[in-house]
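# missing the sequence, but the structure's below:
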């Protein structure tokens, strides 16, 4: 899902539809009259909100439009709204996740109602936007816009994401990490806005998948390129990802492709020896330092030493 650079801001606005849907969801018993009211109000809402100025994001299959600060709706591209039966989607799993906003709350006809993920005007998807860019534009945007923004996020943002990875591993589920645009910076948080699926492998939500999203991919179909100017920011971001992964004790990888992602991330950080040296140290520290706070401090010190800037490389650009 590509999030628009312009995100509507409602300053706490709660629509009539949002109010009656909240009331309906909170009730233990529902009746047909209430359902009809919701559908009627929603039909009027769609006619007002389904416009380019209210578009929040567009993907390969559907477009998302804002309703108010709490709700959005999604409809398939090139589809005409059809107002049919109201279906409420109860997903207990979502209540246990801290970064996931891709769940469907309800369906009305051929449209899906979802929680509005974005609470600030400072919203940016990971990776590159879904538009044509020259190679030079890609390198500059990736380093100066994307990496700069995501390096500035607090460690806690990535810690919450790693906790959700761990939760999904325990449930046999996985996030879609093929498209970095599914991972959005919103203020000081990372939020995931795409679907969760059944896992194809055991414990598929790994450190390697974090590297794939935030270091290795331009978008769903393009692998990121090496760029000397982006090396230090990539190293800074990798440190946050590793610390988050270690705090939740995520697996490093789950299959051959994951191992490739680990080594690709090292290449993009100008570390030709690959991930094996870091993995040996992390594995050793998991055994040597059972106290998680001590371990994280030791890992931080190790990565600071490992990530020291290459002054010869930096001087090349002065």
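That came through, no problem. Note that the structure is predicted; figures quoted are calculated from it, not measured.
# Show me where the stretch 51-200 of the chain has its helices.
Taking DSSP state H, counting those that start in this stretch, the helices of the stretch 51-200 of the chain run over residues 135-140, 148-151, 155-171.
# Please name every helix or strand in contact with the second one.
Judged by 3 or more Cβ pairs under 8 Å, 6 or more residues apart in numbering; DSSP states H and E, the packing partners of helix 148-151 are helix 231-247. In this view, the C-beta of every residue, glycine as well, is placed from N, C-alpha and C.
# helices or strands up against the helix it packs on?
Right, helix 231-247 is packed against helix 148-151, helix 155-171, helix 207-211, helix 256-268, helix 276-288, helix 292-306 by 3+ Cβ pairs under 8 Å, 6+ apart.
# Out of those helices, which is closest to residue 227?
The closest approach between residue 227 and any of these, judged by Cβ to Cβ, belongs to helix 256-268 at 8.0 Å.
# returning to that earlier point: any idea which of the helices and strands packed on helix 231-247 is most buried?
The densest packing among these, expressed as mean neighbour count by mean count of other Cβ atoms under 10 Å, is seen in helix 207-211 with a mean of 27.
# Can you give the distance of that helix from its chain's centre?
What separates the centre of helix 207-211 from the centre of its chain is 12 Å, taken as Cα atoms, centre = their mean, to the nearest Å.
# Which elements pack onto that helix?
helix 155-171, helix 231-247, helix 256-268.
# Throw the helices and strands packed on helix 231-247 into JSON lines and include mean pLDDT and distance to residue 247, thanks.
Listed next are the helices and strands packed on helix 231-247 as JSON lines, based on pLDDT from 0 to 100; distance: least, Cβ to Cβ, whole Å:
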{"stretch": "helix 148-151", "mean pLDDT": "98", "distance to residue 247": "18"}
{"stretch": "helix 155-171", "mean pLDDT": "97", "distance to residue 247": "6"}
{"stretch": "helix 207-211", "mean pLDDT": "98", "distance to residue 247": "11"}
{"stretch": "helix 256-268", "mean pLDDT": "96", "distance to residue 247": "18"}
{"stretch": "helix 276-288", "mean pLDDT": "95", "distance to residue 247": "12"}
{"stretch": "helix 292-306", "mean pLDDT": "95", "distance to residue 247": "6"}
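# thinking again about what came up before, out of the helices and strands packed on helix 207-211, which comes closest to residue 193?
Here helix 155-171 is closest among the helices and strands packed on helix 207-211 (Cβ to Cβ), at 12.9 Å.
# Of all the helices and strands packed on helix 231-247, which one is nearest residue 90?
Nearest of the helices and strands packed on helix 231-247 to residue 90, taken as Cβ to Cβ: helix 155-171 at 15.9 Å.
# phi, psi of the residue lying closest to residue 180 once chain neighbours are set aside?
Closest residue in space to residue 180, ignoring its immediate chain neighbours: residue 127 at 3.4 Å, by Cβ to Cβ, 6 or more residues apart in numbering. Here is the backbone geometry of residue 127 (degrees, to the nearest 10): phi 80, psi -150.
# Count the neighbours of residue 127 for me.
Neighbourhood size, residue 127 [other Cβ atoms under 10 Å]: 25.
# Looking at it now. What's its pLDDT?
Note on residue 127: pLDDT of 96.
# Throw the helices of the stretch 51-200 of the chain into JSON lines and include distance to residue 248, thanks.
Converted to JSON lines, these look like this (distance: least, Cβ to Cβ, whole Å):
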{"stretch": "helix 135-140", "distance to residue 248": "32"}
{"stretch": "helix 148-151", "distance to residue 248": "19"}
{"stretch": "helix 155-171", "distance to residue 248": "4"}
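# Relative to residue 222, which of those is closest?
When those are ranked by distance to residue 222, counting by Cβ to Cβ, first place goes to helix 135-140 at 8.3 Å.
# Pull out the buried positions in that closest one.
138, 139 (16 or more other Cβ atoms under 10 Å).
# Would you agree residue 296 is in contact with residue 246?
Yes. In terms of Cβ atoms under 8 Å, residue 296 counts as a neighbour of residue 246; the distance is 6.4 Å.
# Of all the residues in stretch 57-74, which ones are buried?
57-59, 62-74.
# so which one among these has the lowest pLDDT?
Per-residue pLDDT puts residue 59 lowest of the buried residues of stretch 57-74, at 68.
# Give me the distance between the closest residue to residue 177 other than its chain neighbours and residue 230.
The spatial neighbour of residue 177 that comes closest, neighbours along the chain excluded (Cβ to Cβ, 6+ apart), is residue 209 at 4.3 Å. Here the distance between residue 209 and residue 230 works out to 20 Å (Cβ to Cβ, to the nearest Å).
# Which of the helices of the stretch 51-200 of the chain sits closest to residue 111?
Here helix 155-171 is closest among the helices of the stretch 51-200 of the chain (Cβ to Cβ), at 26.7 Å.
# residues making contact with that closest one?
Judged by Cβ atoms under 8 Å, 6 or more residues apart in numbering, the contacts made with helix 155-171 from elsewhere in the structure are 93, 96-100, 174-175, 183, 185, 188-190, 192, 196, 199, 203-206, 209-210, 240-241, 243-245, 247-251.
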